[in-house]
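>>> Have a look at this prediction, sequence included:
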Amino acid sequence: MVVNASQDDPEKARRFREAALPYLDDAYTLARYLLRDAADAEDAVQECYLRAYKHFDSYRGPAMKPWLFAILRNVCRAEYARRKTAPTAVEELPEGREQTPMWNEAPETPEKQLLRRFDGDTVRKLVAALAEPFRETFVLREIQNLSYREIADVAAVPVGTVMSRLARARAMLRSAWLAEQEQVK
Amino acid sequence: MTCEEAEVLIHALIDGELDAGHAREVEAHVEGCAHCAALMKEYQEIRQAIAESDVRYKAPLELRRKIEKALPQPQAAPSRRSVLRGFAMGSAVSAMAATGLVAIVLRNDDEQRIENEVVSAHLRSLQAGHLIDVVSTDQHTVKPWFNGKLDVSPPVIDLTAQGFTLIGGRLDYVNAREIGAVVYKRRQHVINLFVAQTANTERKAAQTSTLQGFNIRRWSDRGLNYWAVSDLGADELTEFGDKFEATMRANKEG
Ligand SMILES: [Zn+2]
């Protein structure tokens, strides 16, 4: 019996399905937060999976989820670039703004009482309102449970940057959370 | 350590990313600083609130379908083609025998692949907010919910008296098509019962297998294939399958 080694596509497809498809919801969740649009997120995830399949031969680990996310992030950035010309462009902070130390934003005094709990829709809205690149860092950490090292690899930045972005992201979310709490009072 | 430094480092502390030495330093600061202590408590509360709320999204079925379609289909697996080729060349084997044998190879391969998919679907369903599309312990609510969504609705039966609580139903995607999943629970263990139509109406006795740490009980009856998947022990999953089949028989006869 002769097995034709060059015909490895269906076997590759089977391995790819098993390795990558369990993360489809994770990828879609990330794309929804990065692009803030359901249809664009769907397109981006589809493109991500096709690219991932194409490069699956060169995949050596470590973990599938961050590997997929790195590809997805590049797809989403291409989408940002496309939107820049469109009127609904996602606002990104100007270069340098990120370097502003977070403690320059006068930290509010922590509340004495417990923080209010919100429903899923409200929490999604608060997270989605965070500015990039803080939103990306925050979602990778809090919703996708990636380590700082994995986030650094996905976002192609040093671990120190991940730490400072995350601190900023949480500080911004806290302010938004308190403002929302004030509003519903 | 200043408050300014601590306000950045408490995040790494919360995330368990600090080495022991730095963790102690930050903890020491937080212990002696009411401001940073209160701030850290708030961040932890927000973190907890997010972890407990439904902030994830579920990929639309259509997206899954599009990706599946774009990938090379497993039907063309080379192992099977080479089997065919092997038999085509082997003059000692009659065409009939070869056909029969190839059919067996195909089915076994397919069964293995589908069992893999069923376990993947089970794993997906266990992620927060993904288990159930229609939440009900009432079979008369779950059953009609499937009508119109699938060519053939899966049987939905109440097994509460037998120790398995019906908790709802869900549409899932296995073997490149939509199928129904009826969800049961015993204690804290979820059982997904996947049901798919099959052209083969022959009854097939149940078999239990294990894949990726999950037990699968698979059987066929009256044109339907069943896969029950759970982290329940094989004995309890067997009990589930037996009770399900017995109740189905009783319903048909009664
Ligand atoms: Zn302090």
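All right, it came through fine.
>>> Tell me where chain A is predicted with low confidence.
A:1-8, A:61-62, A:85-114, A:185 (pLDDT under 70).
>>> Ok, chain B next?
B:74-110, B:128, B:253-254.
>>> How about the helix or strand hosting residue B:64 and chain A, touching?
Per DSSP states H and E: residue B:64 is located in helix B:61-70. Yes - counting by C-beta under 8 Å from any C-beta of the partner chain, chain A has neighbours in helix B:61-70: B:62, B:63, B:64, B:66, B:67, B:68, B:70. For every residue, glycine as well, the C-beta is placed using N, CA and C.
>>> if I look at the nearest residue to the last one once chain neighbours are set aside, how far off is residue A:63?
Nearest-residue entry for residue B:70: residue A:50, 5.9 Å, with adjacent residues in sequence omitted and distances by C-beta to C-beta, 6 or more residues apart in numbering or on different chains. When C-beta to C-beta, to the nearest Å is applied, the distance between residue A:50 and residue A:63 equals 20 Å.
>>> who's in contact with residue B:195?
The contact partners of residue B:195, by C-beta atoms under 8 Å, 6 or more residues apart in numbering or on different chains, come to B:154, B:155, B:179, B:180, B:181, B:182, B:224, B:225, B:226.
>>> Phi first, then psi, for it.
Taking degrees, to the nearest 10, you get phi -130, psi 120 for the backbone angles of residue B:195.
>>> got it, and residue B:131?
phi -70, psi -40.
>>> Pretty sure it sits against residue B:125.
Yes - using C-beta atoms under 8 Å, residue B:131 makes contact with residue B:125 at a distance of 5.0 Å.
>>> Quick check: neighbours shared by the two?
B:170, B:183, B:190.
>>> Just give the number of residues close to residue B:232.
Neighbour count for residue B:232, taken as other C-beta atoms under 10 Å in any protein chain shown: 23.
>>> That should have said residue B:145, apologies.
Applying other C-beta under 10 Å, I find that residue B:145 has 19 neighbouring residues.
>>> so what's the residue nearest to it when sequence neighbours are not counted up against?
Spatial nearest neighbour of residue B:145, excluding adjacent residues (C-beta to C-beta, 6+ apart): residue B:134 at 4.2 Å. Applying C-beta under 8 Å, 6+ apart to residue B:134 gives the contacts B:141, B:142, B:145, B:168, B:169, B:170.
>>> Show me which residues of the longest helix along chain A are buried.
Within chain A, and with DSSP state H defining each element, the longest helix by residue count is helix A:159-184. Of the residues in helix A:159-184, A:161-174, A:177-178, A:180 count as buried by neighbour count, 16 or more other C-beta atoms under 10 Å in any protein chain shown.
>>> Endpoint to endpoint, stretch B:120-132 covers what distance?
End-to-end distance for stretch B:120-132: 16 Å, by C-alpha to C-alpha, to the nearest Å.
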